[in-house]
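Asker: here is my input, please return the structure:
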Amino acid sequence: MKERQDAWTEENDLLLAETVLKHVREGSTQLNAFEEVGDRLNRTSAACGFRWNAVVRHSYEKDLQLAKKHRKQRQRALGKNQPVKKQLLYTPPTPSLEEFADEFPLFTSESTSVRQEVNTPQYSTPKPTLTMDSVISYLQSMGSTSLGMEALKSENERLKKEKNEILRKNEELQKKITQLEQSAVNIQEDYETLMKIMNRARKLVLFEEEERPATTFKMDRNGNLEKLAE
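Answerer: Below is the predicted model:
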């Protein structure tokens, strides 16, 4: 009896996807593919079907559509008006009486005569049932999705804070630039005023020197120079 509960690996998912696509492409059923994968991985066909629909199928949607398209083309080639019966690519192994007795404890060694009368069970279309393995796989996939969403929310909040901080610093720098520009204008005005004052003072000095009379000197008897009165 299959009771496997370990997690699915990438190799298991790849085997499941390739098997399902092969069955669909060749005109078989997905349920038949689940039975084949279940026997190869020692899992139930319901667990394989749950894993395919909940996780794996989302990554192979385009491949699945191509496989269905290929199946339709194959059916048209066989005949448009003749209905094509789906051909199962995989036949599940027939369980022995011992395995059947292990799965159904009512058939014990004390009822050998009854066991001999039991017909070999035929596999019918499995009904989708929830197993511990499928529930664990589904919860693991949901957990990873939830963690991904939390990580995205956290990163989004961090980027918003970083953006607001950059905007605040940019506003402060813009104010400083405006102040520096105003200071530069004031300095330029003060400089021009100072240059005007200096030019006016220089002109006044030159004018006074031009208006001042020249000083004359006279030499006395002793050979000394004396200034003459103006």
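
Asker: how many neighbours does residue 154 have?
Answerer: By other Cβ atoms under 10 Å, 10 other residues sit near residue 154. Heads up, the C-betas are built off the backbone N, CA and C, glycines and all.

Asker: separation between it and residue 160?
Answerer: As judged by Cβ to Cβ, to the nearest Å, residue 154 and residue 160 stand 11 Å apart.

Asker: repeat that for residue 25.
Answerer: 48 Å.

Asker: repeat for residue 27
Answerer: The value you get for residue 27 to residue 160, if Cβ to Cβ is used, is 54 Å.

Asker: next structured bit after the helix or strand of the chain with the lowest mean pLDDT?
Answerer: The weakest-scoring helix or strand in the chain, judged by mean pLDDT, DSSP states H and E, is helix 112-117 (a mean of 41). Where DSSP states H and E defines the elements, the next helix or strand beyond helix 112-117 is helix 132-211.

Asker: just checking, what packs against that following helix?
Answerer: Using 3 or more Cβ pairs under 8 Å, 6 or more residues apart in numbering; DSSP states H and E, the elements in contact with helix 132-211 are helix 45-54.

Asker: just the mean pLDDT for the next helix or strand after the helix it packs on, thanks.
Answerer: Sequence order places helix 61-78 as the next helix or strand after helix 45-54, per DSSP H and E. Helix 61-78 shows a mean pLDDT of 89.
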